[in-house]
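Novice: whatever this is, show me its structure:
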Amino acid sequence: MDHERICKKVMELDPKIRFVGMINEKGRLIGGGMRNGLKSLEDSKDDEMLYMELVLRAKMRREFDKVLGPVQFAMSYREKVIIMSFPLKDNVLLLSTEKGVNISEIPFQVLKIVSHH
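Specialist: Sure thing, here's the model as predicted:
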């Protein structure tokens, strides 16, 4: 799986997307990053905590896969940003967007991109 290519394609979906990153099972960023010209809202130490928490949550959600089916994506609608995570085989694709992005379209466009890789 070409992490950089996937992240680039997702970033190109909408100019309101701030960040697209591929996070491995250890909570490390292994591809992608912030949109050029934008600054992260949290510092890099907080980034690591966010990534580790995200991976842990994705693993915990797998407990219900047999009953409910696997998670395709999860979304947090926050005061400053919208965060979406897409569990893949061994990694999690994470993206953050400005408010006002079309939340009924973007996640399904992302699913199309990741399903083709």
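Novice: quote the end-to-end distance of stretch 16-33.
Specialist: With Cα to Cα, to the nearest Å applied, stretch 16-33 spans 14 Å between its terminal residues.
Novice: could you give the average pLDDT over it?
Specialist: Across stretch 16-33, the average pLDDT comes to 94.
Novice: which parts of it are buried?
Specialist: Taking 16 or more other Cβ atoms under 10 Å as the neighbour-count basis, stretch 16-33 is seen to contain the buried residues 16-23, 27, 29, 31-32. The C-beta positions use only the backbone N, C-alpha and C, and glycine is treated the same way.
Novice: what's in contact with it?
Specialist: Contact with stretch 16-33 is made by 3-4, 6-8, 10-11, 34-35, 38, 40, 47-48, 51-56, 59, 81, 90-98, 100-101, 106, as judged by Cβ atoms under 8 Å, 6 or more residues apart in numbering.
Novice: pop out the phi and psi values for residue 55.
Specialist: Main-chain dihedrals, residue 55, degrees, to the nearest 10: phi -70, psi -40.
Novice: which SS state does the residue nearest to the spatial centre of the chain fall under?
Specialist: Central residue check for the chain by Cα atoms, centre = their mean: the C-alpha nearest the mean position is that of residue 94, 1.3 Å away. The three-state label given to residue 94 by DSSP: H, G, I helix; E, B strand; the rest coil is strand.
Novice: quick one: low-confidence parts of this structure?
Specialist: Counting by pLDDT under 70, the chain contains low-confidence ranges at 1, 41-45, 117.
Novice: if we can go back for a sec, from the contacts of stretch 16-33, keep the buried residues only.
Specialist: Those of the contacts of stretch 16-33 that meet the buried threshold are 3, 6-7, 10-11, 34, 47, 51, 54-55, 81, 91-97, 101, 106, by 16+ other Cβ under 10 Å.
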